[in-house]
Structure formats: structure tokens, C-alpha cells
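Peer 1: need a structure here:
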Amino acid sequence: MEMEEYKKLLKDVRKELPEHVFQKERFEIPNVKGHIQGSRTVISNFLQIANTLGRQPEHMLKFILRELATPGDVKKSGSIIIGAKIPASRINEKIKQYANSYVFCYECGKPDTKIEKEGSFSFLKCTACGARHSIKSKV
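Peer 2: Next up is the predicted model:
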């Protein structure tokens, strides 16, 4: 196959792909907003962050609390209380770690993924590129 023929085939295939596959918009994870209250940390925008990432708040909270080795709980108001004084930078770091493990596609890096369970296994399915990877369900 000649190079021109290959390039024409590639061009034809690209025309068939949906437009959003080629968009390079920057996905931003919101930073936590909160304060220290006595010996605890209160995060007021946790549900918003979970919603932005498209994940269940309970799943994300379980991961973060395990990583920080501290207790915590979701309040009725939607904020979370962590049972220790923890700087926002450290919580943001854990949220990024969560996103890298459970949100961003391992192939194309887009956040357009869903967690699918099959029996005792969990998979990260990308709706942008179609990739499917097993994820270590540490949570």
C-alpha cells in the first residue's frame, strides 16, 4: 500500500468518527472548599466535585478516607466531615489520584468513562474511544 493511499484511507476513517473525539478541551477538577473546625476538616463542595467527575460520592469518599487513613462522613447538607486536620492541598492530591484511577480513560485520557461491574470485576469503559480496562477495585 502506498503512502498516499494510506493517508486517504485514514482521512476517510477520521470523517466517520464523532467530532467530540478530536476536541481537546481542558477538563478541570474543582479544588476543595472547606475549613478546619476544631480537630476536624469540613469540605463543603464534595458533592459538586463528585458530580463533575461523574462518580458516586460514597465511592470517592471511601477512596479518599482510606488514602488519608482517617474517618469521615457525609452530612445531610452535602458537605463531608473528615475526622482530622488535613490541608486542602492533600485532599486535592487524593482527588486527583482518584480521578487517575477511576475516571480518566487509560487510552485517550478523557473523563468520559463509566465504571461497569461484571461479577466481582470492575471495568472502566470509555464512551469517547471505546476502550475498556479492568480496574483494581481497592474501594
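
Peer 1: going forward, measure contacts between C-alpha atoms and count neighbours the same way
Peer 2: Fine.

Peer 1: so D73 is in which element?
Peer 2: D73 belongs to strand 72-74 when elements are defined using DSSP states H and E.

Peer 1: now do P30
Peer 2: Using DSSP H and E, no helix or strand contains P30.

Peer 1: Make sure it is actually in contact with A50.
Peer 2: No - contact between P30 and A50 fails when scored by C-alpha atoms under 8 Å: they sit 9.6 Å apart.

Peer 1: In terms of neighbours, single out the busier of these two.
Peer 2: Between P30 and A50, counted using other C-alpha atoms under 10 Å, A50 has the larger neighbour count: 20 against 16.

Peer 1: how about the strands in this structure?
Peer 2: 34-37, 40-43, 72-74, 80-82, 113-118, 121-126, 132-135 (DSSP state E).

Peer 1: Quick one: those strands as TSV, columns for mean pLDDT too.
Peer 2: Below are these laid out as TSV (pLDDT from 0 to 100):
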stretch	mean pLDDT
strand 34-37	93
strand 40-43	95
strand 72-74	91
strand 80-82	95
strand 113-118	91
strand 121-126	91
strand 132-135	90
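
Peer 1: so how far is stretch 80-100 from its chain's centroid?
Peer 2: Its chain's C-alpha centre and that of stretch 80-100 lie 14 Å apart, by C-alpha atoms, centre = their mean, to the nearest Å.

Peer 1: Over to stretch 127-139?
Peer 2: 11 Å.

Peer 1: List of residues touching it?
Peer 2: 20-21, 59, 62-63, 101-102, 105-108, 110, 112-114, 121-126 (C-alpha atoms under 8 Å, 6 or more residues apart in numbering).
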